[in-house]
Structure formats: C-alpha cells, structure tokens
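Asks: I'd like to go over a predicted model; first the sequence, then the structure.
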Amino acid sequence: MRLVDTHAHLDEESFDADRPEVLHRASQQGVLAVITLGTLLSTSRRGVELSHRHPELHAAVGVHPNYVTQASDTDWEAIVQLAGDSRVVGIGETGLDLYWKTVPLELQRAWFRRHLELSRDSGKPVCIHCRDAEGPVLEELRTASQRGLLRGVMHSFAGSLETAQECVALGLHVSFSGILTYKKSAALREVARQLPGDRLLVETDAPYLSPQTVRGKRNEPAHVRMTAETLAEVRGLDPEELGELTTANACRLFGLRLS
Ligand code: NI
C-alpha cells in the first residue's frame, strides 16, 4: 500500500530520540512521503532543516493560530523567505481555533489572511486548522476565493458535510486523521463517504491524534495506514486502491515526485 502522510509535526521533541527509526517504520508501512508542518518560525525552520536531511520528508511553513501571539512581523518576513525553499511544499499550519479561547479571533484572522495570501503568491497549497471555528473559517475562505479557486487542505477534518462540501467547492482538499477511526466518529465517516474521491487525503498529525488501536500512545507517520484502511472501508475500496487514490491526490496538490 502506497501512502503519503500529509500532516505531521516531526520537529517535535518527542521524536528527537528516534526520528530515523520513525521514518523507517513509516516506509515499511508504505508511507513514501511525510509533510512536516511548522507552528512558529522556530519549528518551521526546524522542519525545513529536517526535510533537507531526510529525502522522504517535506516541509510546510507557518504560524499556528494558537501561537500567533508569540510571533512577530519580523518572524513573518522570515517565513515568507523560508516559503521559497525547494523542500517547502505548503504554507501552514494556519487557520482559526476557538476551542482554547486564549488568542483573540481578530488576530488569528489577520494571520490566517497572511497565510492565504502567501499561498496564492507562492503557488504552494495552504494547510488549514479549524477547531470550533467553521463559521469564521468559511468566511475567510469565501473572501479569499474571490481572487480565484483556493489550493490547499482542510487538515484533520472533523466538521459537517456541508462545510466539507463548501470547502471542496472553493477548491480545497479534505484530509482525515486518526479521528476517522474513533468509535464515536460515525458521522465523520459518513462525511468521508460522500466527498469526491479526487479531494481525499490522509494524515496523522503525529505526535497527536493516534488512531483507535494505538490511542493514548505517541502517534507516528506509520499509523496513517490505520486511517487509510478505515477510509478504504468507508469508501468501499480495496486498501491498495485507496492508497493509490490518496497518494495521487497528495502528489498533485503538493507537487511531490515519489521514487
Ligand atoms: Ni497539526
């Protein structure tokens, strides 16, 4: 089964002791590429460095909505520079988060707009985090789409079918994480069943969101296979076929060339 983990945070400390083994286990499960996302300038830089060291690793750069109070305009200028790096295939992680209620929404919106603009200017797809913020995220996406269809992904999607369909209509892909495998996620599996096949992606969000059978443990890119198997079942596809479909989608969106 060939797979791409389209969203992970491999810069995190919890991988410092065994990152090469983590990537090796992923490749043994058919994971041919992993995209590691930045959350601040520091972690974006680290992701880019790692992607230069590990050929299967690619980077996305940005400031996560929960951390925008820790980032400066100078940091943003550095991220814009980093976005031009040859190993950078996406812009993010960006978006809006109203779950934690620690960062003012207007500030989050301003940073989200910056990322949407950088995505359009750089031609690199935007990776969008949306937690308890579907209304305002859709408002921003509708506004941004007035300049043409968007290119990017709603990461670790856990929202409604209506939201997913509107995102698809605006040009976006929809990515599913380990949340899809949870017992309580029947409604989400129904969303996944109804979306167009050419917009589906899979991811881990490692080290977070471990799939059902490894819940509570550190997540890692090898586990994207469990989410892919659930998605295959939901779509009535053979796991191999689902792997080919989502891998082709990831390669097209992020411009990956796999060996
Ligand atoms: Ni993430």
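Replies: The structure has been received and is ready for your questions.

Asks: Please report the distance of the residue lying closest to residue 57 once chain neighbours are set aside from residue 60.
Replies: The spatial neighbour of residue 57 that comes closest, neighbours along the chain excluded (Cβ to Cβ, 6 or more residues apart in numbering), is residue 51 at 4.5 Å. (C-beta placed from N, C-alpha, C; glycine too.) Look at residue 51 and residue 60: by Cβ to Cβ, to the nearest Å, they are 10 Å apart.

Asks: Give me the common contacts of those two.
Replies: Shared contacts of residue 51 and residue 60, defined by Cβ atoms under 8 Å, 6 or more residues apart in numbering, are found at 36, 88.

Asks: who's more crowded, these two?
Replies: For residue 51 versus residue 60, neighbours defined as other Cβ atoms under 10 Å are more numerous around residue 60 (29 against 24).

Asks: Give me the three-state assignment for the more buried one.
Replies: Classification of residue 60 using DSSP: H, G, I helix; E, B strand; the rest coil returns strand.

Asks: just the helices in the stretch 51-200 of the chain please.
Replies: With DSSP state H, counting those that start in this stretch as the definition, the stretch 51-200 of the chain shows helices at residue ranges 73-82, 105-122, 134-144, 161-169, 186-194.

Asks: Listing partners with orientation, what would you give for the next helix-or-strand element following the last one?
Replies: This points to helix 186-194. Past helix 186-194, further along toward the C-terminus, the next helix or strand under DSSP states H and E is strand 200-202. If you go by DSSP bridges, strand 200-202 pairs up with strand 173-176 (parallel).

Asks: Name the surrounding residues that touch the strand it pairs with.
Replies: Contacts of strand 173-176 (Cβ under 8 Å, 6+ apart): 6-7, 125, 152-157, 164, 167-168, 188, 192, 195, 199-203, 227, 231, 249, 253.

Asks: switch to 7 Å and redo it
Replies: 6-7, 153-157, 164, 167-168, 192, 195, 199-203, 227, 231, 249, 253 (Cβ atoms under 7 Å, 6 or more residues apart in numbering).

Asks: residue ranges for the strands of the stretch 1-150 of the chain, please.
Replies: With DSSP state E, counting those that start in this stretch, the ranges of strands along the stretch 1-150 of the chain come out as 3-8, 31-37, 57-61, 88-97, 126-131.

Asks: Is the third one in proximity to the ion?
Replies: No. Using Cβ under 5 Å from the ion, strand 57-61 stays clear of the ion, coming no nearer than 9.6 Å.

Asks: Run through the neighbouring helices and strands of that strand.
Replies: Secondary-structure packing of strand 57-61 (3 or more Cβ pairs under 7 Å, 6 or more residues apart in numbering; DSSP states H and E): strand 31-37, helix 41-53, strand 88-97.
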